[in-house]
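> Need a 3D model of the sequence below.
(4 chains)
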Number of protein chains: 4
Amino acid sequence: MKAIGEKRWIIPDGYIPPSSSGALESHESVCVLNMSERDAHLRFTIYFEDREPLENIPYVVPARRTKHIRTSSLRDGEGRTIPAGVPYAIEVESDIPVVVQYSRLDSTQAENALMSVVAYPIREGEAK
Amino acid sequence: MKAIGEKRWIIPDGYIPPSSSGALESHESVCVLNMSERDAHLRFTIYFEDREPLENIPYVVPARRTKHIRTSSLRDGEGRTIPAGVPYAIEVESDIPVVVQYSRLDSTQAENALMSVVAYPIREGEAK
Amino acid sequence: MKAIGEKRWIIPDGYIPPSSSGALESHESVCVLNMSERDAHLRFTIYFEDREPLENIPYVVPARRTKHIRTSSLRDGEGRTIPAGVPYAIEVESDIPVVVQYSRLDSTQAENALMSVVAYPIREGEAK
Amino acid sequence: MKAIGEKRWIIPDGYIPPSSSGALESHESVCVLNMSERDAHLRFTIYFEDREPLENIPYVVPARRTKHIRTSSLRDGEGRTIPAGVPYAIEVESDIPVVVQYSRLDSTQAENALMSVVAYPIREGEAK
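I've put the predicted structure just below:
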């Protein structure tokens, strides 16, 4: 059984651009690859600068599939979403190992700008 | 004998922009460096959101050479390619250690946008 | 108690663009996530190409919060800041583990350009 | 004595854009931070797709300084430089530990595009 990656990933620079122009809509994607034969059950935690975290946002990535998850589509059990135009940070936890990359397309101005990072992996047993 | 890097690399955020404008064509490159004295035999696996993976796509990077591989040029034994405009993820396996970086140039709008990440390395014996 | 990440992070490519145009101001952010129950006390050191480092710049990231820190807002005990238009490098030290990402928005020209990296973590006891 | 980082770093995706337009010139920078009390003596090796590597390109980063090195400024003992418009890869070796990041500004079109990665570190004794 093939399960590759880590169960916990961190993205400190989250930001949903508040506006778009041009052909493409501004957005962020958390791109998750699940190479295992089992579905991966994710939980997102969203940290802010000035308020309590948004916790326990669920998401499923099926076996041997990738999901490129728009952060604007995430919502917790009470339907709360991530506000646009606010700096935040993302923690992704999964019940089985996955690999996580984060990308942002900003089309606030007429032409688009791109950035991407592989998320920071937390190895198991590494909490101090 | 100098063989540096890892044999398995993951890129969760793959996407071939469906259109271009301006002087440069939209494209992705998987940039592989083989510092060894032997050729590296790669196999790509392409994971999708909603269908079975495309497996066993071969590529050779000669000894002491780099190859910047356009993802649109990859094809499996039956000639199947990666469709444009579809989110996917990339696994690169090599028979000897290499180093892998992924870059995307998006010229969907008049001006180009760039992003790049070093792929996520899977250390040998790390599958869980 | 949950304290995740590392206590020391390096960003070799720092640069505050000297000018802006268009809707957004050029800037850099050092994005820090503190997932612990305690405040994180940071100290920044700024290295230059041709002069002595700027040392002991303090910053606090509260418990269970993120801060996206504009580098132009940093100042040492004597009020010295990082000059714009000058290549420099950043060291972030924290009294408890945190995770650090660096992003730059450059709007020198009419349209903006983005880049981002997860900072390079120095594991404890790794100084040689 | 403080010497932090690694002695060997890899950047698979090197490319000097052949042309520029607008206010900024296209360029790549290899950004090196030397936090030690001693000068770091670097040697660059440049790998290509279709010819032998360019070897033994020297560069010095002074103690407690950063250098943001334009790749177009590098030249080996015989004065050979990296050609523009050609895919290549970079190996940086140093006699003492340093930290390396790679960034590219592409202003081929009127507006600039940026990308950046922390180079891939090779830990000592890791060659296989």
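> Quick check: longest strand in chain A by residues?
Longest strand in chain A by number of residues (criterion: DSSP state E): strand A:88-106.
> Is it positioned near chain D?
No. Residues of strand A:88-106 are not located near chain D by C-beta under 8 Å from any C-beta of the partner chain, the shortest gap being 11.8 Å. Where you see a C-beta, it was placed from the backbone N, CA and C, and this is true even at glycine.
> Quick check: next helix or strand after that strand?
On the C-terminal side of strand A:88-106, the closest following helix or strand by DSSP states H and E is strand A:113-118.
> Rounded mean pLDDT for that next one, please.
Average pLDDT, strand A:113-118: 94.
> contact partners of that strand?
A:11, A:13, A:99-107, B:12-13, B:104, B:106, B:113-120, C:101, C:103, C:105, C:111-118, D:113-114 (C-beta atoms under 8 Å, 6 or more residues apart in numbering or on different chains).
> just the buried members of those?
A:11, A:13, A:99-107, B:12-13, B:104, B:106, B:113-120, C:101, C:103, C:105, C:111-118, D:113-114 (16 or more other C-beta atoms under 10 Å in any protein chain shown).
> Where does pLDDT dip in chain A?
The model of chain A has pLDDT under 70 over residues A:1-3, A:20-24, A:108-111, A:125-128.
> mind listing what A:Val61 touches?
Residues counted as contacts of A:Val61 (C-beta under 8 Å, 6+ apart) are A:32-34, A:39-40, A:42, A:67, A:94, A:98.
> Next, it: phi, psi?
Main-chain torsions, A:Val61, degrees, to the nearest 10: phi -110, psi 110.
> Give the bridge partners for it, please.
Under DSSP bridges, the beta-bridge partners of A:Val61 are A:Ala40.
> Centroid-nearest residue for chain A?
Nearest to the mean C-alpha position of chain A, counting by C-alpha atoms, centre = their mean, stands A:Val30 at 3.5 Å.
> about what we covered before: the longest strand of chain A packs against which elements?
For strand A:88-106, the packing partners by 3 or more C-beta pairs under 8 Å, 6 or more residues apart in numbering or on different chains; DSSP states H and E come out as strand A:6-14, strand A:27-34, strand A:40-48, strand A:113-118, strand B:6-14, strand B:113-118, strand C:27-34, strand C:113-118.
> Can you get me a residue count around the spatially closest residue to A:Arg123 that is not a sequence neighbour?
Leaving aside its chain neighbours, A:Arg123 sits nearest to A:Glu6 (6.3 Å; criterion: C-beta to C-beta, 6 or more residues apart in numbering or on different chains). Neighbour count for A:Glu6, taken as other C-beta atoms under 10 Å in any protein chain shown: 22.
> Same check on the one 10 residues further on?
Neighbour count for A:Ile16, taken as other C-beta under 10 Å: 19.
> Check the gap between it and A:Leu74 for me.
Going from A:Ile16 to A:Leu74 by C-beta to C-beta, to the nearest Å gives 10 Å.
> Could you name every residue contacting both of those two?
Common neighbours of A:Ile16 and A:Leu74 (C-beta under 8 Å, 6+ apart) are A:Ile82.
> sorry, back to before: if we compare the helices and strands packed on strand A:88-106, which one ends up closest to D:Ala89?
D:Ala89 sits nearest to strand B:113-118 of all the helices and strands packed on strand A:88-106, at 12.0 Å, using C-beta to C-beta.
> what angle separates the closest one from strand B:27-34?
Orientation check (axes from the mean of the first three to the mean of the last three C-alpha atoms, to 10 degrees): strand B:113-118 against strand B:27-34 gives 30 degrees.
> Helix or strand next in line after strand B:113-118, which one?
That would be, after strand B:113-118 and using DSSP H and E, strand B:120-121.
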